[in-house]
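Engineer: Provided below for reference: sequence and predicted model.
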Amino acid sequence: MPSAPTPPSSRAADTRRSLQTHALHLFEEQGYEQTTVAEIAKAAGVSHMTFFRNFPTKEDVVLDDPYDPMLAEAVAAQPRDLVPLERVRLGLLSALAGLQSAEFDEESRRRLRLATGVPALRARIWESMTRTQDAVVTVLVAQDVERSVAEASVGAVLGAMTSGLMHWGAAQPATDGPMLADALATALDVLGPPR
């Protein structure tokens, strides 16, 4: 009996995943600038047009950030009696807890090292952080948090998170080293005790 066909949304996700996996491998092997979109598409077994249907630019295959909606939802789910800073901190940790795995950590570390080592990608990291900040600020403002308080709260948490992320990404992976979520929890501790 033939197996059931893969649903279209699953095939699309598999294609994106394959493109990202092959791109990361080629970038590490050949260098980011030396790798073409055509080479990535060929390695993934798709056309270059399929690449561009999934990722508008070569940078996007590395920096694609599908986590903003998940983070915004996690922040929105936090109790409203908490101060905004704590809602953002707990929301971030809650969202990351759902992603924690050795495989996720290893890929995240590889992507982070590539992104921080390539000037064109490094510049795009800040664009991504701005989108993340905007998404979370929008959630807080919708929950009647004053915009300036929301922006300061999100900015503080994302600043601590970015510092922790960069420190974690630069470290050599070790079987006894902290998982990404643990490293970020430690970085977020600088914001003070929960209130």
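Structural biologist: Perfect, thanks for sending it.
Engineer: where in this structure is pLDDT low?
Structural biologist: 1-9, 100-102, 104-105, 172-178, 194-195 (pLDDT under 70).
Engineer: okay, domains of it per the record?
Structural biologist: Taking the TED database as the reference, the chain has its domains at 10-57, 65-190.
Engineer: could I get those domains as JSON lines with mean neighbour count?
Structural biologist: For the C-beta atoms, the positions are set from N, CA and C on the backbone; glycine is no exception. As requested, the domains of the chain are exported to JSON lines (neighbours: other CB atoms under 10 Å):
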{"stretch": "domain 10-57", "mean neighbour count": "16"}
{"stretch": "domain 65-190", "mean neighbour count": "16"}
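Engineer: show me what the host helix or strand of Leu140 is packed against.
Structural biologist: Per DSSP states H and E, Leu140 falls inside helix 119-142. Other helices and strands packing on helix 119-142, by 3 or more CB pairs under 8 Å, 6 or more residues apart in numbering; DSSP states H and E, are helix 58-63, helix 68-76, helix 84-97, helix 102-117, helix 147-170.
Engineer: make it 7 Å
Structural biologist: Contact analysis of helix 119-142 by 3 or more CB pairs under 7 Å, 6 or more residues apart in numbering; DSSP states H and E lists helix 58-63, helix 68-76, helix 102-117, helix 147-170 as its packing neighbours.
Engineer: just give me the residue closest to the centre of the protein.
Structural biologist: Of all residues in the chain, the one closest to the mean position by CA atoms, centre = their mean is Asp65, 4.6 Å from it.
Engineer: and it, what does it touch?
Structural biologist: Applying CB atoms under 7 Å, 6 or more residues apart in numbering to Asp65 gives the contacts Ser128.
Engineer: next: Glu29.
Structural biologist: Listed by CB under 7 Å, 6+ apart, Glu29 has no contact partners.
Engineer: for Ala156, see how far away it is.
Structural biologist: 39 Å (CB to CB, to the nearest Å).
Engineer: chain center to stretch 153-160, what's the gap?
Structural biologist: Distance of stretch 153-160 from its chain centroid, counting by CA atoms, centre = their mean, to the nearest Å, is 15 Å.
Engineer: my bad, should have said stretch 86-93
Structural biologist: The answer for stretch 86-93 is 16 Å, by CA atoms, centre = their mean.
Engineer: please apply the same query to stretch 179-190.
Structural biologist: How far stretch 179-190 lies from its chain's middle: 15 Å, per CA atoms, centre = their mean.
Engineer: also stretch 85-98?
Structural biologist: Distance of stretch 85-98 from its chain centroid, counting by CA atoms, centre = their mean, is 14 Å.
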